[in-house]
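Trainee: Next come a sequence and a model predicted from it.
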Amino acid sequence: MIVGIPKEIKSAENRVCMTPAGVEVMIKSGHEVLVEKSAGAASGFADDAYIRAGADMVDTPKQIYAGADMIMHVKEPLPPEYDLIREGQIIFTYLHLAADELQTRALIKSKAVCIAYETIQKADGTLPLLTPMSEVAGRMAIQESARFLEMTHGGHGILLGGVPGVELATVVVIGGGVVGVNAAKMACGLGAKVYLLDLNLDRLRYLSDVMPANCFTLMSSPATIRKLVKKADVVIGAVLIPGAKAPKLVTRDMLKTMKTGSVLVDVAIDQGGCFETSKATTHGDPTFVVEGVVHYCVANMPGAVAKTSTLALTNATLPYALQIANQGWKGAMQANEEIKRGANVINGKVTYKAVAEAFGLGYTSVDELLN
Ligand SMILES: NC(=O)C1=CN([C@@H]2O[C@H](COP(=O)(O)OP(=O)(O)OC[C@H]3O[C@@H](n4cnc5c(N)ncnc54)[C@H](O)[C@@H]3O)[C@@H](O)[C@H]2O)C=CC1
Ligand SMILES: CC(=O)C(=O)O
C-alpha cells in the first residue's frame with residue numbers, strides 16, 4: 001500500500017502523523033510512504049530524516065492525495081482538501097464528525113473509507129488513539145487556566161495554589177476520564193481545591209481511592225454543576241460520549257452566576273463543546289469572554305506542544321496503521337473489532353450511529369459493507 005503523509009494545515013497544528021521511525025517500520029513491512037515536504041519540521045523531524053527512513057518526499061498535498069491509498073493525518077481534512085480525496089481512499093485521522101456537518105457531508109460525497117482515531121475502541125470501552133492526546137490536553141488545560149487567570153490575560157488574578165495564609169483557587173473538572181484525571185492531577189499538584197465530577201459511580205469509587213486529598217469526587221448532575229460553578233475559579237469541560245456530540249452541561253444562566261474573570265476550558269470542544277456558550281477557537285486567538293467569564297476552546301490543544309504530542313500520538317497509531325496497510329481496511333476490520341469501531345463513513349454511507357443521529361442521516365452497519 002502507498003501511505004501518504006500530508007503537512008497539517010489546521011491553525012497552529014504542529015504535529016505530524018508519523019515519525020521517521022514509523023516510516024521505517026512501514027517501509028520494512030513492504031509499503032511505500034509519501035511525505036509532504038516539511039511535514040515533520042515543527043515536530044523536530046527534518047525532511048532528511050524521512051528520506052533516510054526511505055520515504056519519497058513530494059511538494060504538495062495534491063501529489064499526496066493523488067498518489068496514496070491511505071492518507072494519514074493528525075487533524076480532520078479541511079475544506080481545501082475535500083476535493084482531493086478520492087473514492088475508495090482510506091482516510092485515517094481524528095475526524096470528530098458529530099460536531100462537523102460540513103466535513104461529514106464532504107466525506108460522504110467523497111466515497112472514501114474514513115476511519116476515525118477517536119472511535120477506535122477496545123472491548124473495555126477505552127479509546128487507545130484518543131488517550132495519549134487526552135493526557136496531553138488534560139495536563140495543558142491547567143497550564144492554560146493558570147495563564148488565563150492572570151489579570152493581563154483577562155482573568156481575575158488568583159494563583160491556583162494560593163500562598164500560605166491566602167485562599168487558594170477552586171477548580172471544577174466535569175468528566176473523570178483521561179482528560180479529567182490528568183487535569184485534576186495537575187491542579188491538585190499545584191495545590192488548588194479540586195472537584196472531579198463523573199456520572200459513572202465505579203469510576204468515582206476508583207478516583208476517590210487514587211486521587212490526592214485535595215481532590216473531591218462528586219456525582220455529576222445539573223444541580224451539582226449549578227452549585228459548584230458559583231464558587232469556581234476554573235471549570236474544565238472533559239466529558240465524552242464516544243463519537244457523539246457533547247452534552248451541554250454549563251448553561252448561559254449558570255455562567256451568569258460565576259465570578260467575573262473566572263476561566264472555562266472546554267476540552268470537549270472537538271465534540272462540539274460541553275458549555276452552552278462555547279465555540280471553537282484557535283491557538284492564535286484562543287479565548288473570548290461571555291458574561292465576564294473567559295472561555296478557552298481550542299480544538300487542537302496538543303498541537304501547541306508538538307514535540308511531546310507527535311511522539312505520544314504516533315506511539316499509539318502506528319500498530320493500527322500498520323494493520324490497515326497490511327490487511328487493507330476490510331481485512332483489518334474483519335480481524336480487529338477495535339479498528340471496525342473506527343469506521344465512521346465508508347463508500348458514501350455513515351457507519352457510526354452517533355454521527356448519523358447528530359445530523360439525521362441514514363445509518364449503515366459496517367458489517368453490511370464488509371462482505
Ligand atoms: N481540545 C482538544 O485538543 C482535545 C480534546 N479532547 C476531547 O476531550 C474530551 C474528553 O476525552 P477523554 O477524557 O479522553 O474521554 P473519556 O472517555 O476518557 O472520559 C470522558 C468521561 O466523561 C464522563 N461523562 C460523560 N457524561 C458526563 C456528564 N454528563 N457529567 C460528567 N461526566 C460525564 C464519562 O463517564 C467519562 O468518564 C473528548 O471530547 C475528547 O475528544 C481530547 C484531546 C484533545
Ligand atoms: C483529540 C484531538 O482531536 C487532538 O488531539 O487534536
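Mentor: Looks like it arrived, so ask away. Ligands and ions are numbered 1, 2, ... in the order given.
Trainee: Excluding sequence neighbours, find me the nearest residue to the single nearest residue of the stretch 1-150 of the chain relative to ligand 2.
Mentor: With C-beta to the nearest ligand atom, the shortest gap between the stretch 1-150 of the chain and ligand 2 falls at Met133, namely 3.3 Å. Heads up, the C-betas are built off the backbone N, CA and C, glycines and all. Closest residue to Met133 apart from its sequence neighbours, by C-beta to C-beta, 6 or more residues apart in numbering: Pro302 at 4.8 Å.
Trainee: Can you get me the centre-to-centre distance for the helix or strand harbouring Gly180 and its chain?
Mentor: Taking DSSP states H and E as the criterion, Gly180 maps to helix 178-189. The chain centroid and the centroid of helix 178-189 are separated by 16 Å under C-alpha atoms, centre = their mean, to the nearest Å.
Trainee: same thing with stretch 89-106?
Mentor: In terms of C-alpha atoms, centre = their mean, the centre of stretch 89-106 is found 13 Å from the chain centre.
Trainee: how long is that stretch from one end to the other?
Mentor: Stretch 89-106 has an end-to-end distance of 14 Å (criterion: C-alpha to C-alpha, to the nearest Å).
Trainee: check whether that stretch contacts ligand 2.
Mentor: Yes. Shown here: stretch 89-106 in contact with ligand 2 (C-beta under 6 Å from any ligand atom) through Tyr94.
Trainee: And ligand 1, is that stretch touching that?
Mentor: No. Stretch 89-106 lies out of reach of ligand 1 by C-beta under 6 Å from any ligand atom, never closer than 6.6 Å.
Trainee: Would you mind giving the secondary structure of the residue nearest to His295 when sequence neighbours are not counted?
Mentor: Leaving aside its chain neighbours, His295 sits nearest to Leu264 (5.0 Å; criterion: C-beta to C-beta, 6+ apart). Following DSSP: H, G, I helix; E, B strand; the rest coil, the label given to Leu264 is strand.
Trainee: for Leu264, what are its contacts?
Mentor: Neighbouring residues of Leu264 by C-beta atoms under 8 Å, 6 or more residues apart in numbering: Val234, Val235, Ile236, Gly237, Val250, Phe275, Ser278, Val293, Val294, His295, Tyr296.
Trainee: Identify the bridge partners of it.
Mentor: Beta-bridge pairing of Leu264 under DSSP bridges involves Val235, His295.
Trainee: Show me what secondary structure element comes after the host helix or strand of the residue of the stretch 1-150 of the chain closest to ligand 2.
Mentor: If you go by DSSP H and E, Met133 is part of helix 131-149. Note on helix 131-149: by DSSP H and E, the next helix or strand toward the C-terminus is strand 170-174.
Trainee: which strands and helices sit next to that following strand?
Mentor: Here strand 170-174 touches helix 178-189, strand 193-198, helix 222-231, strand 234-237, going by 3 or more C-beta pairs under 8 Å, 6 or more residues apart in numbering; DSSP states H and E.
Trainee: which other residues reach it?
Mentor: Residues from elsewhere that reach strand 170-174, judged by C-beta under 8 Å, 6+ apart: 142, 145, 160, 180, 183-184, 187, 192-197, 220, 225, 228-229, 231-239, 249-250, 274.
Trainee: In PyMOL, how would I select the buried members of those?
Mentor: PyMOL command restricting those to the buried ones, with burial defined by 16 or more other C-beta atoms under 10 Å:
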select buried, resi 142+145+160+180+183+184+187+192+193+194+195+196+197+220+225+228+229+232+233+234+235+236+237+238+239+249+250+274
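Trainee: ok, now which ones touch the residue of the stretch 51-200 of the chain found nearest ligand 1?
Mentor: Residue nearest to ligand 1 within the stretch 51-200 of the chain (C-beta to the nearest ligand atom): Gly177, separated by 1.7 Å. Gly177 makes contact with Ser134, Asp198, Arg203, Ala238, Val239, Leu240, according to C-beta under 8 Å, 6+ apart.
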